[in-house]
Structures are given as structure tokens and as C-alpha cells.
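Asks: My questions concern the predicted model and sequence given below.
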Amino acid sequence: MISLPKAMPGESLFSRYIRHLKLTGLCKDQYCIKQFGRPRLSIHPFITAGVRHAASEDPDKETLIFNTQTLGGLFCFFMPNQTEVIKQALLATDTATAIRACRLVNYTIQSGSNAKYCPLCANEDAFNFGFSYWHLEHQIPGVNCCSKHGVQLIQSLLPERPHIDGDFLPPVKKLSATSHPDELMFARSTVNFLNDLQYKPEGYKQDELIIRLAKAGYIGSGGRVRRRELISDLMGLTKSFSQPSRPMLPKHSEDFGYIRSIMKNGNAQHPFKYLLLEYLLSTRANVSSGNYVSKADSPDKDHKQLTETCIQLLNQSYSLAEVSRLTGKSRTFLKMLAAKENIQLNLSPKKITKSLINKVIRIAWMGFHRNAIASTFQISNGSVEQIISSVNGLVEHRKKCRFESKRRRYRAEILRALSGYVYISPSKEQIKKAHYAAFHWLYRNDKTWLNNHLPKPQKPKQNPRVDWRRRDQELAVKVQAILLNTQEKLSLKQLDDLLGAHGWLTRKLDKLPTTSSMIESLQNTRSKIAK
Ligand SMILES: [Zn+2]
């Protein structure tokens, strides 16, 4: 069976399943049986189940796939009460439970019925890799703009259940329509949020929302939320958003239920609503002074205000990551802004000297992980990778090291299992079941060693259906009768024929000791009489 294709940059698990289906050449039902164990199921474009199976070759990848190839992490973050249910459903293949736990059916927008793509990304992917694929960040519900190209995402209706089809990949050479800058900024802040999600182990804290609202000036002197202002600002912020986001936006300027549902503790809403509120708070709030700038500003004025907030925060020595999170602006934008405004960034750049490069190369040849090298020398992972790739043959050498390391680890695991620490004389099937990843990796990459070390298949035990003792007793009586009633000397073959030609006397005499000694004694006696 062909293994799941490697994920392309930003590719969703859903997209990998489609490419896999195409590669295997199976029909959809057969594929679902092989991959998920049953023919009838739904494969969701972003709440994509079957993570554990996808990570079967490396269980460490479960979390990685869950966080970077599905939107399970996003829903878990904003629905902390449902985290375990969503996670377990996606690790297994329980799409229905995951959709229920994410409350997707509660929204008029049926996000599951469409997959979105950016026509420019599709063209670029086709040019770079030879095929287009579904990007996870484009599937964030409510986001309808490509954060990279600033063009509107195009919706494609999913094929009928199980919602995958070998040819269902984004079409190329489609025309693109530019999105409004507001929508682009929201898309970028959302994608940044998604990328940072794996570093936020704790779920969303609604209790802290009130503090942020107060900082942004949305809490009145009596401690009440200024709902009218908040709704008005949300509507102002999203007035240029395209149609598909509308069902998840406030319906009118007095849609206070919208705010109430977000504020109510334990009443988890769709992540889009929280993302929008967070975006509003991060862009409109002047965190340092608590002064709120009203929403009735034009987009240009908003941008100017936001830029000023960035400058103010950078001047107060906030880190780049922090300013980026608070304002939704990218690190590149902030670096450029700091350079323009002559603001000294708190970056403490490390100069990569010739001697440092040599040290990195020496350790890299030893096969240390790039994270370990980066933290040893206090430089970025990117710098380490750059140095490694500049040395001829080093990348290949490290690949080989990783391969050998994996082989040693998996071989040791199998040998430990064979030594009988769990099962006494374990069988091949038991080893395969209990050490799935190691077994399959070695089966693909080190088959001879595996076959030489696994227990030999045992011969099936024969069921002793014939009671030879009893048969011996019965035959002895019959043989005695025949010999006593015959004057001639009979051969074993003749005797066997008289008994029914079963071949017992000619082929199985060793199992018939009484009969055998009976024949011998009677034949000898007859010989003596004959003489
Ligand atoms: Zn794009």
C-alpha cells in the first residue's frame, strides 16, 4: 500500500487524503475501507479525522498533524470544554462527533460543504510543485481572503460523501479578485493567530476578555459593557467583508445577542466571532494609555492610528512578537517601521562569524538536531539550516544519520519486545500489533533484518483425530482371526488388502505395536509348524 504523501507547505490533511486516493488508484469506497476501516464516512475539509492513522509511522506527529493540518486546534482553543472530545474524535475517525463538538451545525453557514482556495496560490503551487492543493489557512471559516496575495478566496462545492475525489484539487488559471484591505488585515491576523496556536497550550479565557475590553475603552464607568459602541465598531470593521462571512457577523446595530453570546462564560461560540473580537481589540485599542479611538474613522485614518500605536508600543520596548499580536501587524512591517522611525529594536542580533559557522558545521556533522544547535549557539533555526545547506554533502549525511538513528531505535524496540518483557515467546502478530510504528518502518526500510529476527511462523498443530491405540487393539483382533483361519503365509500387503486396503499395515505399522507383534508371532509360529 502506498503511504500518505508528505504534506506540502501549509497543506491540509484533507488535501493529502485526496492526493493519496489518486495515487492508490482505488475507488472511494475501497479507499475508505483501507484507510479508515469502513466505506461510509465523511471527510471534512478542516475538521479532518483519522489523524492517528495518518501519523501511524511516527506517533510523535499526531499533535503536529492535528495542529498544522486540521483546524481542530482552533476549535479546541475557543471551546476548552470540548477539547478532549474534539481531539479524540479527530485522532480516531469520528467526524460526526467532531462536527457536533465543534457545533458547526449551529451555524447557518455550512462550512463543511465548501472548500476554499486562492487562485494565485493554486497557480504558484502548480508552477512550483506540479500540482495545486488545499491550504489549511484558506479553510478558516469566515476568512475569505488569501493572507499572502490579498485576493478573494474561491469556494468549491465538495464532492458527495465521503467528500473526497482524486481530481478534487483547486483548479489553476482562474481569475482573481482583489479583497478589501480590511479583509486582508483580518485574514493576516487570523493566520498569525493560527500559526501561534500550538504555542498556546491553555484554552481561551473568557474571564480575561472583560479586562481587555476595559483596556480598549468598551467598559463604562458603571462597569457595564458599552454594547452599542462595540457592535457599531464590529460592524464598521467588517462592513467591507465579502458575503460568505456575513452570517457570522452582527445582523444590525442593535444585535446585542451577538455580544451577549460571546461574553457568556462557558457558552462557546464559533471561533470566527472570537477572532473578530480579538482583532478589533488588538487594532482599535490603545493598550498603553487605555484611550479608545472612535470607529467612525476612515480606513486611512485607522491605518494611521494603528501605525502610531505600533510606534508607541515599539518605543516602550515591547517585543516584536508582542506588538505583532496586539496590533495584528506582521513582524516584517514592524521591522520596517522601526527602521523608518529610528527605533532601536530589542532584538540583540547575533553576529554569525566564521568561527561560529565552523563550530555549527562540526556539530552538524555529528548529527545533532538543528534546535539543539540553535539553542547552543543562541542563533535562529533558520541560520543553522542556512549554514548546513551551504556545506556539500552535509544535508545528505544528516539524512543518513537520522535514518540510521531511527533504524537503531526501532531495531532496539523490536529486540526488547522479542526478549519477552511483555509476552512470553511473543508471536509475529503480537509484535506487529504492539509495536506498530517500529514494525512498519522496519518492514519498509529494513525488511531482511526484520524477517531474520522475528519469530519463525509456527507450523500449524495437527489435530490428532485418529485414536491409534484403539485402532491397534481392534486390528490386532481382526489380524489374529485372519491369520488363524489361513494356512498360507501372507505378506503385509495381502493382509492389509484383506483388512480393507487402508494402508495401515504397510504405512502406519509403527503406530500399531500390538498388531505388529501379533503378526510377527503368528507368522513365526506358522513357519515353525510348516517345517
Ligand atoms: Zn494566495
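Replies: Good, I have the coordinates. Numbering: from 1, shown residues only.

Asks: hey, let's count contacts and neighbours off CA atoms from now on
Replies: Fine.

Asks: Run through who's touching stretch 362-371.
Replies: Contact partners of stretch 362-371, identified using C-alpha atoms under 8 Å, 6 or more residues apart in numbering, comprise Ile373, Asn381, Val384, Glu385, Ile388, Leu394, His397, Arg398, Cys401, Arg402.

Asks: what helix or strand is the fifth one on?
Replies: This means Ile388. Using DSSP states H and E, Ile388 sits within helix 381-390.

Asks: Can you list the buried residues in that helix?
Replies: Val384, Glu385, Ile387, Ile388 (16 or more other C-alpha atoms under 10 Å).

Asks: what does stretch 508-518 give?
Replies: Leu512, Thr514, Thr515, Ser516, Met518.

Asks: Closest one to the ion out of those, please.
Replies: Distances from the ion to these, taken as C-alpha to the ion, are shortest for Leu512 (85.4 Å).

Asks: and that closest one, what pLDDT?
Replies: Leu512 carries a pLDDT value of 90.

Asks: returning to that earlier point: and the angle for the helix or strand following the helix holding Ile388 with helix 381-390?
Replies: The element immediately downstream of helix 381-390 (helix or strand, assigned by DSSP H and E) is helix 394-418. Counting by axes from the mean of the first three to the mean of the last three C-alpha atoms, to 10 degrees, helix 394-418 lies at 100 degrees to helix 381-390.

Asks: Name the next helix or strand following helix 394-418 along the chain.
Replies: Counting by DSSP H and E, what follows helix 394-418 is helix 428-434.

Asks: Go ahead and confirm Ser324 touches Ser330.
Replies: Yes - counting by C-alpha atoms under 8 Å, Ser330 is a contact partner of Ser324 at 5.7 Å.

Asks: Residue of the protein nearest the ion, please.
Replies: Cys121 (3.9 Å).

Asks: I'd guess that residue is in a strand, am I close?
Replies: No - using DSSP: H, G, I helix; E, B strand; the rest coil, the secondary structure at Cys121 is helix, not a strand.

Asks: So for it, what's the pLDDT?
Replies: 92.

Asks: again, but for the one 10 residues further on
Replies: According to the predicted model, the pLDDT of Phe131 comes to 90.

Asks: what's the burial count for it?
Replies: For Phe131, the neighbour count with other C-alpha atoms under 10 Å is 16.

Asks: what helix or strand is Leu356 on?
Replies: Assessed by DSSP H and E, Leu356 sits inside helix 354-365.

Asks: Quick check: nearest residue in space to the most centrally placed residue in the chain, chain neighbours excluded?
Replies: Centroid-nearest residue in the chain: Ile65, 2.9 Å away (criterion: C-alpha atoms, centre = their mean). Of all residues not flanking Ile65 in the chain, Val51 sits nearest, at 6.7 Å (C-alpha to C-alpha, 6 or more residues apart in numbering).

Asks: Now the host helix or strand of Asn67: average pLDDT?
Replies: Per DSSP H and E, Asn67 falls inside helix 61-69. Averaged across helix 61-69, pLDDT comes to 86.

Asks: Could you do stretch 237-253 as well?
Replies: Here the average pLDDT along stretch 237-253 is 75.

Asks: mind checking how far that stretch is from the chain centre?
Replies: Offset of stretch 237-253 from its chain centre (C-alpha atoms, centre = their mean, to the nearest Å): 32 Å.

Asks: Equivalent analysis for stretch 459-477, please.
Replies: Using C-alpha atoms, centre = their mean, the distance from the centre of stretch 459-477 to the centre of the chain it belongs to is 58 Å.

Asks: Looking at Ser324 and Ser330, which one has more neighbours?
Replies: Set side by side, Ser324 and Ser330 show more neighbours around Ser324, with 20 against 17, by other C-alpha under 10 Å.

Asks: List the contacts of the more buried one.
Replies: Residues in contact with Ser324, defined by C-alpha under 8 Å, 6+ apart, are Ser330, Arg331, Leu334.

Asks: now with 6 Å?
Replies: Residues near Ser324 by C-alpha atoms under 6 Å, 6 or more residues apart in numbering: Ser330.

Asks: pull the CA atoms of stretch 491-499 into CSV?
Replies: Extracted in CSV, the C-alpha atoms of stretch 491-499 (Å, rounded to 0.1, in the frame of the first residue of the first chain):
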residue,chain,number,x,y,z
SER,A,491,2.5,-60.7,3.1
LEU,A,492,1.7,-57.4,4.9
LYS,A,493,0.2,-56.1,1.6
GLN,A,494,-2.1,-59.1,1.3
LEU,A,495,-3.1,-58.9,4.9
ASP,A,496,-3.8,-55.1,4.5
ASP,A,497,-5.9,-55.8,1.5
LEU,A,498,-8.0,-58.3,3.5
LEU,A,499,-8.5,-55.6,6.1
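
Asks: Can you give the contact residues for it?
Replies: Under the criterion C-alpha under 6 Å, 6+ apart, residues Leu505 lie in contact with stretch 491-499.

Asks: Which positions in that stretch come out as buried?
Replies: Here stretch 491-499 shows Leu495, Asp496, Leu499 as buried, counting by 16+ other C-alpha under 10 Å.

Asks: And these, which is closest to Leu475?
Replies: Of all the buried residues of stretch 491-499, Leu499 has the smallest distance to Leu475: 8.4 Å, by C-alpha to C-alpha.

Asks: mind checking how far the closest one is from Leu492?
Replies: Per C-alpha to C-alpha, to the nearest Å, Leu499 is found 10 Å from Leu492.

Asks: Show me the shaky parts of the stretch 401-531 of the chain.
Replies: 420-424, 460-464, 526-531 (pLDDT under 70).

Asks: if you set the cut-off to 50 instead, what comes out?
Replies: Residues of the stretch 401-531 of the chain meeting the criterion pLDDT under 50: 530-531.

Asks: The strand or helix carrying Ile373 - what's its average pLDDT?
Replies: Using DSSP H and E, Ile373 falls within helix 370-377. For helix 370-377, the mean pLDDT works out to 84.
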